[in-house]
Every structure is written in structure tokens, then in C-alpha cells.
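1. Prediction below, plus the sequence it came from.
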Amino acid sequence: MRILFLLITCFVYSTSAAATGTATATASTKVVAPESEQLQSKEQQVQSEPQPQSEAQPQQATTPNGEKINAAYWLKKLQEALTKSNFEAGIVTLKGEKTESYQWTHGFKVNDDGTEVEIERVSPLIGNGITAIRKNQTLSFFESNKEPYSISGVSIRNFIPAIFYKDFGDLVDSYQFVLVSKSQIAGRSAQLIRVESVTKEAYNFWVWIDVISGLPLRMAYIDEQGEVVEQVLMTHLSYLTEPNEEINKLFEIQLPQVANTAIAMNQQTNNWQLEYTPNGFELLKSDRHHVSINREVADYYLFSDGLVEYSVYVQRPIESFNSPLVLKDGGTSFVMVHADGFDVTVVGMLPTETAFKIAKSVKSK
């Protein structure tokens, strides 16, 4: 039971928010993509890969302003839609054998002093679950019969990778950007962009961008075999020209102050050496906090490449188990191993082989 509690709590700490609710299981899907033009660059704008001179090259499409319509163009359009639009959307996540539904609201409201407040909410449509509300950089979580709390955050990252809220060009050392053809999703024209891992240490990420609004109509994590391990579907979309009644109500809500849940900072967790880090991943933070129902203390490390995150927990052995313990929930891997006098747990949106390699690389200094 203690391992089960650790598993549940690790999953909570490794994501910005968790939601509950079950539905029917969804089978994995084999994805076959059409031929496409690979786009990659070291600069912020990703340029087209040159083709052999012997082949006739069609003229690349441009906007009326002369901007090339390539992968960089569509990802920039996605970023602007996520950060500058007023909208309401229905979301369904397909993860392993679970299907969960959410309402996603985003918009802006102007204060009396003329300053603009960005407002966002993600709430489950089935069951109680956790509702997340954000005003600018204050992100609060509300759950029935529990005290609400707040952390700092620039987005509610239930669905959208963090990189698409900032400079996606940071991914070019680890991923290739591939411009594919358009298709229809829920009756709307969508442009497919594939973000593909160069080293295969991480999943590929595919996003279908609404041609009109720039918002994501579908997102999927794809493994090396071309199987969908986890995906997000937008079931409906209302693109708003101004804040609606729901956004106005959210504007009036008073959020709790940001709390500091860590019990130690970076310099106090410098007891371990992580000898392997997948290509492109960087340490975002480390601290020491309680991770299980019996208040066990673990040194905690959070890594990200901008597209996905994973967490590493190092603590004293909690009980005997058959090492390694390997579990999978959709695209999220959970790996726990015995080391020399301590246990290592890795939780994140990674292939299990990568998570296991990370766990085995942790050494005591």
C-alpha cells in the first residue's frame, strides 16, 4: 500500500494539476503520416530543408505580408492563439485506459486601473476532480473538502506543453519540425505539425492547429513504433471576440496567495549525482518535500526539455519490493529501483526505457 501511495503522490507532484474521472478504454492507434517537408534550424525561425536540384520545386506559400507559411509560421500562430485569445473549449484526454473530459476557458479582462489580467480555467466535466484557475502568474487549485492553494505559473499545463507558450526554437537541438498536409477535425480545417525526437529518447509530439483560430484541435504523443500513447482532442471550440460572462465571473474570484511547499532548497539536495539526462533536458528545480501519506521525505528533481517533464525522487528505502518496479499510464512512465541504500523513482512523459536509464544513473556523492 505504501508503494501505491507513493505512486499516486508522485503523479500529483509531476504535473501541474491532476483530475479524476473514468470512462471506457481506448485502443492504441497506429499513425501513418504522409510524405512531408522536414523543417529545422538553429535560429528561432525554422527554415525548409533543401531538396535535390534535379527536382522541380514548387514555390513556397507566403502570407500577404510575404511571411513564409512553414512549420515556424504555424507554431507561432499557435503560441499567439494560446496567449492572446478569448475562447471556450471542450477537451477530452485519452490516456491509457482512461478518458477524461474538461472545460477550458481562457481570456482577458481589464482592471479599473487599465492593466490587463489574463484569466484561465480548466475544470473537469465528470466527477469532482480538481479545478485550476489562473490569473496572470497565480495558479490556484480547488478540490471538494480540501483547502485551496496556489503556486506560480504562466499557464495551466494540463494539455499544452510549456514550450508553446514561449520560444519553440529552443527545441531545435532535440527535435525536428515537420510540416504535413491539412485535414478535417470536428468539421474544421487543421494543419498538422510533427515535432519529432532526434535521439528517440523522448516521444514524438503531433499537433493539429486550427487554420482559422490557431488553437490546437488535436495533440498526440507518438512512440517510436508510430503508436499513439496519449492524446488530447478538442470536442468543441467557441472563439470569442470579447470576454464572456464566464470570464467576467472568473475575474471576480479571489485566489489564495502563492504558498511555498518545499522544506529545503537546491543547495540542501546536493547529495546525488544524476549521471544520465536525456538530450535537451535541463534541471528546472530541486527541493526536498514530503511525497507519501506517511510523510516520507524525498529529494526531488524536476527536469524538462520544454515539451515534456519528468521528476526524480530519491529517498531512503520505504519497504521491500521487486526492483525494478515499472508501471505505465498512457504515455507516463513510473519506474522505481533499489540503489545502494536508497530508492529512486522516476515519473514522467517518457518511454519506460528512458525512465529506467535515468533511475539507474542516480549515484550517491
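-> Received, thanks.

2. now the strands for the stretch 51-200 of the chain?
-> In the stretch 51-200 of the chain, the segments counted as strands under DSSP state E, counting those that start in this stretch are 86-95, 98-110, 116-124, 130-135, 138-143, 149-152, 175-185, 188-197.

3. Please identify which of these is closest to A298.
-> Checking those against A298 by Cβ to Cβ gives strand 149-152 as the closest, at 18.5 Å. Any C-beta I mention is one placed from the backbone N, CA and C, and that applies to glycine too.

4. now for the closest one, which elements pack on it?
-> Contacts defined by 3 or more Cβ pairs under 8 Å, 6 or more residues apart in numbering; DSSP states H and E place strand 149-152 against strand 138-143.

5. what about dumping the CA coordinates of the strand it packs on to PDB?
-> These are the backbone C-alpha positions of strand 138-143, laid out as PDB (Å, rounded to 0.1, in the frame of the first residue of the first chain):
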ATOM      1  CA  THR A 138      -1.100  33.000  -9.800                       C
ATOM      2  CA  LEU A 139      -2.300  29.400 -10.400                       C
ATOM      3  CA  SER A 140      -4.800  28.100  -7.900                       C
ATOM      4  CA  PHE A 141      -6.200  24.600  -7.400                       C
ATOM      5  CA  PHE A 142      -9.700  23.900  -5.900                       C
ATOM      6  CA  GLU A 143     -11.000  20.500  -4.800                       C
END
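
6. follow-up on the earlier one: lowest average confidence across the strands of the stretch 51-200 of the chain, which one?
-> Lowest mean pLDDT within the strands of the stretch 51-200 of the chain: strand 149-152, a mean of 89.

7. quick one: secondary structure of A359?
-> Using DSSP: H, G, I helix; E, B strand; the rest coil, the secondary structure recorded for A359 is helix.

8. Confirm E246 sits in a helix?
-> Yes: under three-state DSSP, E246 sits within a helix.

9. Just the pLDDT at it, thanks.
-> Confidence score, pLDDT, at E246: 92.

10. From V122, how far out is it?
-> 13 Å (Cβ to Cβ, to the nearest Å).

11. Mind checking which of these two has more residues around it?
-> Taking neighbours as other Cβ atoms under 10 Å, E246 and V122 compare with V122 leading, 25 against 15.

12. isn't that one right next to N158, touching?
-> Yes: counting by Cβ atoms under 8 Å, V122 touches N158, with 5.1 Å between them.

13. thinking again about what came up before, quick one: which of the strands of the stretch 51-200 of the chain is nearest V362?
-> Going by Cβ to Cβ, the one of the strands of the stretch 51-200 of the chain nearest V362 is strand 188-197, 22.7 Å.

14. Beyond that closest one, next helix or strand please.
-> Toward the C-terminus, strand 188-197 is succeeded by strand 204-210 as the next helix or strand (DSSP states H and E).

15. Give me the contacts around that following strand.
-> Contact partners of strand 204-210, identified using Cβ atoms under 8 Å, 6 or more residues apart in numbering, comprise 31, 74-75, 77-78, 81, 161, 175, 183, 185, 188-197, 215-223, 237, 307-308.

16. Give me the common contacts of E246 and V122.
-> In contact with both E246 and V122: T105, using Cβ under 8 Å, 6+ apart.

17. Where does pLDDT dip in the stretch 201-350 of the chain?
-> Counting by pLDDT under 70, the stretch 201-350 of the chain has low-confidence residues at 260-270, 291-295, 320-321.

18. Show me where it has its helices.
-> 245-252 (DSSP state H, counting those that start in this stretch).

19. Please enumerate the strands of it.
-> Listed in chain order (using DSSP E, counting those that start in this stretch), the strands of the stretch 201-350 of the chain are 204-210, 216-222, 228-240, 272-274, 282-290, 297-304, 309-315, 325-329, 332-338, 343-348.

20. now for those, which one comes closest to V110?
-> The closest of these to V110 is strand 228-240. By Cβ to Cβ, the value is 14.9 Å.

21. so what strands line up beside the closest one?
-> strand 86-95 (antiparallel), strand 216-222 (antiparallel) (DSSP bridges).

22. Pull the number of nearby residues for G127.
-> 12.

23. wait, A359
-> A359 has 27 neighbouring residues, counting by other Cβ under 10 Å.

24. And it, how close does it get to G96?
-> For A359, the distance to G96 (Cβ to Cβ) stands at 21 Å.

25. Same check on P64?
-> From P64 to G96 the distance is 45 Å (Cβ to Cβ).

26. Neighbour count: those two, which is higher?
-> G96 (15 against 5).

27. so the more buried one sits right up against F334, yeah?
-> No: in this structure, G96 is not within contact of F334 by Cβ under 8 Å, at 11.7 Å.

28. Can you pull the residues that touch both of the two?
-> Contacts common to G96 and F334, judged by Cβ under 8 Å, 6+ apart, are K328.

29. for the protein, which helix is longest?
-> helix 71-84 (DSSP state H).
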